[in-house]
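Asker: okay, predicted coordinates and the sequence, questions at the end:
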Amino acid sequence: MNYLLHLGIYLNIYIIVALSLNLVVGYLGRLSLTHAGYVALGGYAYALCTLKLGIGFLPIIAIAIALGVITSLALSLPAWRFKGDSFVMISLAVQAVIYGVIHNWTSPGAEPGTWTNLTNGPYGLAGIHKPDIFGIQFDTISSIFALSLVVMLICATVIFILTKSRWGLLLKCIRDDELALRSLGKNVRLLKLQAFAFSCAMAAVAGVIYSSYVGYIDPTMASLDESILFLSILCIGGLGNFRGPILGAMTLLLLPELLRLTPIPGSYAANVRLLVYGLLLVTVVHLRPQGIAGEYRIE
């Protein structure tokens, strides 16, 4: 049972990340490889606030959202002028900066969480406290699953309302023909700022859930590999709609676990499962290049 709850927590985290990234990639049409950095920012914000300041869960959520909105300017400002390959390179640069800061903000001998050793570098921050809301401790796996589920449903509801509104339609218009939308007198710059702000803020919230559950965070959370994983979830599930990211998260998270149930001899089971997993993903991409439930395809 604990194993299923563990998978459920990670599934909730992945759904939040995928839905938030879909705002930028699927609706706005900007291919970003920076999302893992914003997830890590939320995770480190939770770790530092609980370890050093003793702040509760809900205020930290607000702090993480504010941090995500502020740092989203690093992507949204260049997005005013660049798209395509140019914007991908900018997103890679931002990813490298976030990872570099987290990995290198350390000083030998200094206490972790202090100004000279804020992130503890490659060693990360351990002993992160479990969530506390109005004096109620969420210190069991079932309670953390319930909390992550509630947070995921709130984030999903907000994104569903946004994408089904006129605002979501305007984002698709930017993706399909930005010049035509400008000619109608719409404030395209403001729409881009809002899309990146919402996306990065939701990613930071996912980082808070991750850090509070695992109890440890290190720079690998902000690595390019993680950003590629999040983008893969979108490409498999589908871009430009609400159900695609959810299906993608379920596929990439649950498919490897289902393959564990296959009767393969233990001596080479891991390699065979990895091979089958890769072949299934390639088949999906070949048969459905727009994703399982996608409406938009990255060219």
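Answerer: Arrived safely, thanks for sending.
Asker: where does this structure dip in pLDDT?
Answerer: Residues of the chain that meet the criterion pLDDT under 70 lie in 262-270, 272-273, 294-299.
Asker: so where do the helices sit in it?
Answerer: Per DSSP state H, the chain carries helices over the ranges 2-22, 35-48, 57-71, 73-76, 85-104, 141-164, 166-183, 188-214, 224-237, 243-259, 269-287.
Asker: now do the longest one: which elements does it pack against?
Answerer: Counting contacts by 3 or more C-beta pairs under 8 Å, 6 or more residues apart in numbering; DSSP states H and E, helix 188-214 is packed against helix 2-22, helix 35-48, helix 57-71, helix 73-76, helix 141-164, helix 166-183. Just so you know, the C-beta spots here come from the backbone N, C-alpha and C atoms, and that holds for glycine as well.
Asker: where's L23 relative to I236, distance?
Answerer: 18 Å (C-beta to C-beta, to the nearest Å).
Asker: picking up where we left off before, need the winner for burial among the helices and strands packed on helix 188-214.
Answerer: Counting by mean count of other C-beta atoms under 10 Å, helix 35-48 has the highest mean neighbour count of those, with a mean of 29.
Asker: with just CA atoms, put it into CSV.
Answerer: Output in CSV follows, covering the C-alpha atoms of helix 35-48 (Å, rounded to 0.1, in the frame of the first residue of the first chain):
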residue,chain,number,x,y,z
HIS,A,35,11.3,23.9,-15.9
ALA,A,36,13.3,21.7,-13.7
GLY,A,37,15.1,24.8,-12.4
TYR,A,38,11.9,26.3,-11.2
VAL,A,39,10.8,23.1,-9.6
ALA,A,40,14.2,23.1,-7.7
LEU,A,41,13.7,26.7,-6.7
GLY,A,42,10.4,25.8,-5.0
GLY,A,43,12.0,22.8,-3.3
TYR,A,44,15.0,24.8,-2.0
ALA,A,45,12.6,27.5,-0.8
TYR,A,46,10.7,25.0,1.3
ALA,A,47,13.9,23.4,2.6
LEU,A,48,15.4,26.7,3.7
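Asker: quick one: that helix to helix 2-22, angle?
Answerer: 120 degrees (axes from the mean of the first three to the mean of the last three C-alpha atoms, to 10 degrees).
Asker: re the thing from before, which one of the helices and strands packed on helix 188-214 lies nearest to M221?
Answerer: Closest approach to M221 among those (C-beta to C-beta): helix 35-48, 4.3 Å.
Asker: and that closest one with helix 224-237, angle?
Answerer: Using the same axes, to 10 degrees: helix 35-48 against helix 224-237 is 120 degrees.
Asker: so which elements touch helix 35-48?
Answerer: helix 2-22, helix 57-71, helix 85-104, strand 125-126, helix 188-214, strand 216-217, helix 224-237.
Asker: could you dump those into a markdown table with distance to V150 added?
Answerer: Converted to a markdown table, those look like this (distance: least, C-beta to C-beta, whole Å):
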| stretch | distance to V150 |
| --- | --- |
| helix 2-22 | 9 |
| helix 57-71 | 11 |
| helix 85-104 | 28 |
| strand 125-126 | 25 |
| helix 188-214 | 10 |
| strand 216-217 | 22 |
| helix 224-237 | 22 |
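Asker: contacting residues for the residue most central in space within the chain?
Answerer: The residue lying closest to the centre of the chain (C-alpha atoms, centre = their mean) is V17, at 3.0 Å. Applying C-beta atoms under 8 Å, 6 or more residues apart in numbering to V17 gives the contacts 35, 39, 202-203, 206, 230, 233, 249.
Asker: before we move on, what about L252?
Answerer: Contacts for L252 (C-beta under 8 Å, 6+ apart) come out as 14, 229, 232-233, 236.
Asker: about what we covered before: gap between the residue nearest to the centre of the chain and L179?
Answerer: Taken as C-beta to C-beta, the span from V17 to L179 is 31 Å.
Asker: same question, T140
Answerer: 54 Å.
Asker: what do you get for L252?
Answerer: Counting by C-beta to C-beta, the gap from L252 to L179 is 36 Å.
Asker: hmm, Y99 is touching T220, no?
Answerer: No - between Y99 and T220 there is no contact under C-beta atoms under 8 Å: 9.2 Å.
Asker: so between those two, which is more surrounded?
Answerer: Y99 (22 against 15; other C-beta atoms under 10 Å).
Asker: pull out the buried positions in stretch 230-243.
Answerer: Neighbour counts over stretch 230-243 (16 or more other C-beta atoms under 10 Å) mark 230-242 as buried.
Asker: mind saving the C-alpha coords of it as CSV?
Answerer: The C-alpha coordinates for stretch 230-243 follow below in CSV (Å, rounded to 0.1, in the frame of the first residue of the first chain):
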residue,chain,number,x,y,z
PHE,A,230,9.3,16.9,-18.1
LEU,A,231,9.3,17.9,-21.8
SER,A,232,9.1,14.1,-22.7
ILE,A,233,6.0,13.8,-20.6
LEU,A,234,4.3,16.5,-22.7
CYS,A,235,5.5,15.1,-26.0
ILE,A,236,4.2,11.6,-25.1
GLY,A,237,0.9,12.8,-23.6
GLY,A,238,0.2,15.6,-26.1
LEU,A,239,0.4,19.4,-26.2
GLY,A,240,-2.2,22.1,-26.3
ASN,A,241,-4.9,20.6,-24.2
PHE,A,242,-5.7,19.7,-20.6
ARG,A,243,-5.7,15.9,-20.8
